Each structure stands twice: as structure tokens, then as C-alpha cells.
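Q: Build me a model from this:
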Amino acid sequence: MDRRSFLQNSSAFAGLSVMGLAGCARRVTAPSAAGAPSLPFYDAVGPIIPIRAHVDRIFRITVCLRPFRPAGPRMDVERVGDKVVVHNYGHGGSGWSLSWGSADVVVRKALEAANGSREVAVLGCGALGLTAAITAQRAGLRVTIYAKERPPNVRSARATGSWTPDSRIALTSAASPEFAAQWEAMARTSFAMYQSYLGMPGNPIEWTDRYMLSDHEQGQGGGQMRQSEVHDFAHYQERIADITPRSQELPAGTHPFPTKYAQRTTSLTFNVADYSRQLMNDFMIAAGTIETRELNSPQELAGLSQKAIINCTGYGARQLWSDESIVPVRGQIAWLIPQEGVHYGLNYKSLNVLARRDGIVIQPAPGGEDFGWNDTDEQPDRAAAEAGVLELQELYDRMAKLQ
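A: Okay, the predicted model is just below:
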């Protein structure tokens, strides 16, 4: 048999095999020596390849302090000497998700503040700084970024990487009556911009499936977890229900999971390593300038040549601007080695798991969004990281026993 015939016959056989298996939601091969199944489980839409959840596959552990403000992000205008500062920080767990919408708001304010000048400074080089800088460039401004650190060393590079536009964005009791409408506008602007990054080399942005698994009834949108939260976090997801897929209940027998309840939805994933590099490239190609500089007080802004400044310093604004309204919310991630064919997320017990192109995120969060509240410790906890991986391994062990 020549090479072409062999490949054609092999492809045809593989296609028949997958078609045959896809109709069997629970079919799986025998477990491997390590305890995890060696071939995929199947649900009604296709294969679910088990994650190799072993502690020796942890290649790093990162901690991020999310900058939460009860009233929501700060995006007002302040005058410091002869400078006009437009603030853009305090987005909690929604910095990446709302970044383009926030940039649209603050760049319009910066254009007014510039009073005819075509130059603007941006403080910070994370998710909010880069998108604000690029948005300003697209508005015709010459932009210089001043930052102590650049990707991948900024805090936002340690984010989970999921579209979560209302994650710790505000408290219902503290947000203004106008904030919900402003949030919706930012979410829609950001969502529309992210569609332009789909299909690009490296998959900086992509759609992936997510599974919510529980032995207790979740209710729409994970209501069971929210009922146990201490703080009245604002949730606005229903305001953009027309542009985001809704979760679907998976009846028993249509999925391989061992839990009593299972839901599936589809959401945007940010492969932050490649996406950050894309943003940096876009900024530099448009003649942007980055200067490494650490600012310790607002008075040091006098040393910048630009009159209009967009402040995107994130959690760093708490010290730089003496802003005690910022509450740190600690989040730790154990990163597992990326795995071929694994591009989905799941919520199981206390775990938030997201398989990205640049690593598989394992993030324990017992207590929901309250977890990590007002915790300033940025030191990695190895024991907690390993416990999270072992909890994920336990899920796949339970799945294998049901086959």
C-alpha cells in the first residue's frame, strides 16, 4: 500500500471511530497506570479529554491581588498640579473582561482633558494600561506608557483568563444607580472588540466550553454558591444575556460526570501570554513608547512631559494614590503543563479549572467570591496548590469508576 492510500484509509477509519464513540456519552477506555483514563470520555457534543492532574505537572504557582472597589472602578478626572489625570482602576476580577469598554470611557475623557494636545501618558502596562494606550492611539494620540513592570511580570498576567465581566466588580449596596448601565456599555464594547481577535495565530482569544458540576442543585448561574457569600457582590450578567450563551442542563446519561447535576455553557477564554504579546506588538507597531519608571507619589507626575495622563495602575493605585477604598482579593493559581486537545473549563466543588493554550489553570475558591477578601499575602502556598490538583484528580477518578 502506498503512503497516500494508507493515509486515506487511516483518516476514514479514524472518522468512523469518532462518530461511533460520540454517540456513547459514557464510553471510556481502561484507566492508565497513573489512574487517569488514557482516552477521552464523551458527552453529547464530543470528547472530553481528562486533564493529567498530577502534582508533578505543576510548573508554576502565581498569586494575584485583585483591586476591588465597593463602588466599582474609578474612572473620574482629577487635577494634580498642571496635569489632568483620568483614573482607570479598581475592576476587581473583571479587568481583562471590561478593559476595552473602560478604555473607551477614559480615552474620551483624556481627549477632552488634553485640550488640543496630541500626546497622552498612560501609567501601567497591564490589561487596562495596554488597552487604554491602544485605544488612545486609534483616536490619533501619541502615547507613552510609564510602568514599573511589563508583561509577563504585571499582576494581570496572573489572571484566570475567563470572560467574567461582573466578577467582583462592585457591591450592590455601594454602586451608584447609574453604574449598572455604565457596566453594560463597557461589557458590550469589550465583547465586540474581543470578536476581532478570534481566529488569530496563537489563539489569543477563543470560545471554549465550561462545565458546572455539583451534587447540590445550582440554580441559574450558580445561585447556590452566591447564597453563601457574605458580601453583596453585584451581578449584572442578565443585562447582556442577548450576546452570551446560556447554560444548559445536562440530563443524566448525556454526560460522563459523576455529579448529580451538570451544566454546560460556552464562554470566551483569554490565553493571556499570547494575548498580552499581541497587545504589546500592536502598541509598538503604532509607534508607541514604553519607559520603565516607578512612581511613588502623585507629585512625581510633574516630571512627565504630557499634560493628560490615564492612570491604569491597578492594585498599585492603593499605595500610589493612597486609595483605601481598594480592597485586595487574593487569588492563587496552580499552573499545569498545557495538554493537547484539552480546551475546556469546569467548576467542581471549590475548584475553578480552565485549560488554556498557555497552561491549565487550577484555582481553589472555597466560599465563592468572598475567598481571599482583604488578604494581602502574595506568597504562593504550595500545599494549597497541590490540594487543588488532587481534588481535580479525584473528579476524574470518580468518572472512571462509573464506566
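
Q: I326 and L65 touch, don't they?
A: No: between I326 and L65 there is no contact under C-beta atoms under 8 Å: 9.3 Å. C-beta here means a position set from N, CA and C on the backbone, and glycine is covered the same way.

Q: shaky segments in the stretch 1-150 of the chain?
A: 1-39 (pLDDT under 70).

Q: Mind doing that once more with 50?
A: 1-37 (pLDDT under 50).

Q: In it, what residue spans correspond to strands?
A: Applying DSSP state E, counting those that start in this stretch to the stretch 1-150 of the chain gives strands spanning 41-43, 46-48, 58-68, 77-80, 83-87, 119-123, 142-147.

Q: Compile those strands into JSON lines and extend it with columns for mean neighbour count.
A: Supplementary listing: the strands of the stretch 1-150 of the chain in JSON lines, determined by neighbours: other C-beta atoms under 10 Å:
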{"stretch": "strand 41-43", "mean neighbour count": "22"}
{"stretch": "strand 46-48", "mean neighbour count": "18"}
{"stretch": "strand 58-68", "mean neighbour count": "21"}
{"stretch": "strand 77-80", "mean neighbour count": "13"}
{"stretch": "strand 83-87", "mean neighbour count": "22"}
{"stretch": "strand 119-123", "mean neighbour count": "26"}
{"stretch": "strand 142-147", "mean neighbour count": "22"}
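
Q: before we move on, back to that, quickly list what's touching both of I326 and L65.
A: Y315 (C-beta atoms under 8 Å, 6 or more residues apart in numbering).

Q: Run a quick neighbour tally on the residue nearest to G161 when sequence neighbours are not counted.
A: Take G161 and drop its neighbours on the chain: the residue closest to it by C-beta to C-beta, 6 or more residues apart in numbering is F270, 4.2 Å away. By the criterion of other C-beta atoms under 10 Å, F270 has 26 neighbours.

Q: Name all residues that make contact with the residue most central in space within the chain.
A: By C-alpha atoms, centre = their mean, the chain has its centre lying nearest to G161, at 2.5 Å. Going by C-beta under 8 Å, 6+ apart, G161 touches 96, 269-272, 354, 356, 361.

Q: isn't W335 right next to A355, touching?
A: No: with contacts counted by C-beta under 8 Å, W335 stays clear of A355, the gap being 11.0 Å.

Q: Now do the same contact list for R277.
A: Neighbours of R277 in contact, by C-beta under 8 Å, 6+ apart: 151, 202.

Q: follow-up on the earlier one: could the strands of the stretch 1-150 of the chain be laid out in TSV, adding distance to A136?
A: Supplementary listing: the strands of the stretch 1-150 of the chain in TSV, determined by distance: least, C-beta to C-beta, whole Å:
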stretch	distance to A136
strand 41-43	45
strand 46-48	42
strand 58-68	21
strand 77-80	15
strand 83-87	10
strand 119-123	5
strand 142-147	5
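
Q: Among the ones you listed, which comes closest to P258?
A: Closest to P258 of these is strand 41-43 (C-beta to C-beta; 10.6 Å).

Q: ok, back up a step: spell out which residues are contacts of both of W335 and A355.
A: Common contact partners of W335 and A355 (C-beta under 8 Å, 6+ apart): V361.

Q: burial of A287, as a residue count?
A: 9.

Q: sec struct for it, please.
A: Judged by DSSP: H, G, I helix; E, B strand; the rest coil, the three-state class of A287 is coil.
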